[in-house]
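Q: Structure here, sequence nowhere to be found:
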C-alpha cells in the first residue's frame, strides 16, 4: 500500500506542533510514504525546511495550510486544510494567508466565510475536518458542508482522522452519513502533531504553555493519547478503509506544485508598458548622466557605465536598480534624508541614478566591489 499524509502540523504552528519540519520529512521517508503535506495554521513557514529534506527523495512534498473559519451563523467553526494544487494555487494560498494575518494582531489570524468567497481559490484543494459530529448538530454540519461544496466544486473532501479516542466510532459513523448526504469523498488524514510517538510529552508541554497552565492541570486541553504521530503503514491499514487511504494518494497526485518552482518576481509596475527593464534602466541612467555631466560625459566614465549596464543585464539585476531608484526618488520628493553608501558607491550607474554621491570622475571606482559575476 501507499499513503500520503495530508494534515500535519510542524513546530511552525507555534505551541501546537512538536516536531521540526525536517524531522517530519525524514520520518515520512523512513516510513515509505508517497507524499507529505505540511499544513501549519495560516502559514507556509515550515515548507522550506521540509523541502530541503525531501527535494532529493521519492517522497513528494505538498504545500498546504490549516485554517479555522466561522460560518455565516456564527454557531460553529470549521477546520479546513487548503492544498496548493499548482503554482497558481500557491499564490492564491499565500494571498489568503496575507489577508487573514494583516487584519489580526501579530501571531494571530482572522478568517471569515466571506474571505473564501472573495478570494480566488480555484487552484487549491480543500479538506474539511469536522471537529466533532453530534446528532443534534447534524443540520448545522450539513449546511456547512453544502456551503463548502458549493464553493469548492469538485475539489472538496471530508477528512477523517482516527486517534483511538472516546466516541470516535460514533464520529466516524456520522462522518459517513454526512459524506453520503453531500455526495462527497472521504480521505484518511492523521492530524499529525509529532513525527514519533515518543515526542508526545513535549507536545503536552507546549499545549499547556499555550493554555497558560501546567501539564498536571491541563486536563482536556491535552490529547487523550499519543496517536497523532506519523504512523507506520501497517498501523494505518488496520485503522482506515482501503478506499480512504487510496483517496489520500489520489489527492497527493493532483498536487503538482513544488517549492523549487519559485523564483523571485519583481513587481511589474516599475517599468512602463512596452519597455523592457534593461531599456528603462538605460533611459533613467542617460537622463541622470545629463544632469551629472551637463558638459558631456568623459570617455572613461562612458565606458564604465556601459560596462556596468552590461553586467547588470547579464545578471538580470535591472529590477533591483529600478526598485532602489524608485525608493530614493520617493524619499527625495518627500524631503526624507536618503543617501546610498557602502559598496554601492562604487557604481557609476548608481551615481547617475542619484542613489549615491561619489563622482566617478574624481575616484577610481571598482564596480566589482558592489556586484561581481
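A: Now that the structure is in, tell me what you want to look at. All values reported here derive from a predicted model rather than from experimental measurement. Numbers count the residues shown, from 1 in each chain.

Q: quick one: average pLDDT of stretch 2-17?
A: Averaged over stretch 2-17, pLDDT sits at 98.

Q: Can you name every helix or strand that the helix or strand containing residue 331 contacts?
A: With the criterion set as DSSP states H and E, the secondary-structure element containing residue 331 is helix 318-333. Using 3 or more CB pairs under 8 Å, 6 or more residues apart in numbering; DSSP states H and E as the contact test, the elements touching helix 318-333 are helix 277-292, helix 348-352. Just so you know, the C-beta spots here come from the backbone N, C-alpha and C atoms, and that holds for glycine as well.

Q: what's the most buried one of the ones you listed?
A: helix 348-352 (a mean of 27; mean count of other CB atoms under 10 Å).

Q: Work out the gap between it and the centre of the chain.
A: Offset of helix 348-352 from its chain centre (CA atoms, centre = their mean, to the nearest Å): 37 Å.

Q: what do you get for stretch 185-200?
A: Relative to the centre of its chain, stretch 185-200 is centred 20 Å away, using CA atoms, centre = their mean.

Q: Stretch 256-274 too?
A: Between the mean C-alpha location of stretch 256-274 and the chain-wide mean there is a distance of 16 Å, by CA atoms, centre = their mean.

Q: Flag every buried residue along stretch 337-349.
A: Buried positions in stretch 337-349, judged by neighbour count with 16 or more other CB atoms under 10 Å: 340, 344, 345, 346, 347, 348, 349.

Q: meant to ask about stretch 222-234
A: Of the residues in stretch 222-234, 223, 226, 227, 228, 229, 230, 231 count as buried by neighbour count, 16+ other CB under 10 Å.

Q: Let's verify the residue most central in space within the chain: helix, strand, or coil?
A: Most central in the chain under CA atoms, centre = their mean is residue 44, positioned 3.0 Å from the mean C-alpha point. State at residue 44, reduced to three classes by DSSP: H, G, I helix; E, B strand; the rest coil: coil.

Q: and it, what is it in contact with?
A: Applying CB atoms under 8 Å, 6 or more residues apart in numbering, we find residue 44 in contact with 38, 63, 65, 90, 93, 94, 97.

Q: Same list, the helices and strands packed on helix 318-333, but as TSV with distance to residue 323 and mean pLDDT please.
A: TSV is the format used below for those (distance: least, CB to CB, whole Å; pLDDT from 0 to 100):
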stretch	distance to residue 323	mean pLDDT
helix 277-292	11	96
helix 348-352	13	95
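
Q: Quick one: those helices as a markdown table, columns for distance to residue 196 too.
A: As requested, the helices and strands packed on helix 318-333 are arranged in a markdown table below (distance: least, CB to CB, whole Å):
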| stretch | distance to residue 196 |
| --- | --- |
| helix 277-292 | 49 |
| helix 348-352 | 53 |
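
Q: Looks like residue 341 contacts residue 356 (just checking).
A: Yes - using CB atoms under 8 Å as the test, residue 341 is close enough to residue 356 to be in contact (7.3 Å).

Q: what residues are up against the residue lying farthest from the centre of the chain?
A: When distances are taken from the C-alpha mean of the chain, residue 295 lies farthest, 52.9 Å away, according to CA atoms, centre = their mean. Under the criterion of CB under 8 Å, 6+ apart, the contact list for residue 295 is empty.

Q: Assumed it was part of a strand.
A: No - going by three-state DSSP, the assignment for residue 295 is coil, not a strand.

Q: so who does residue 219 touch?
A: With CB under 8 Å, 6+ apart, residue 219 has no contacts at all.

Q: Helix, strand, or coil at it?
A: Counting by three-state DSSP, the backbone at residue 219 sits in helix.

Q: Do you know the pLDDT at it?
A: pLDDT, read off for residue 219, is 96.

Q: just to revisit the earlier point, which one of the contacts of residue 44 has the most neighbours?
A: Neighbour count (other CB atoms under 10 Å) singles out residue 38 as the most crowded of the contacts of residue 44, with 32 neighbours.

Q: Next SSE downstream of the lowest-mean-pLDDT helix or strand in the chain?
A: For the chain, the helix or strand with the lowest mean confidence is helix 138-151, at a mean of 88 (criterion: mean pLDDT, DSSP states H and E). Next along the chain after helix 138-151, taking DSSP H and E as the criterion, comes strand 156-160.
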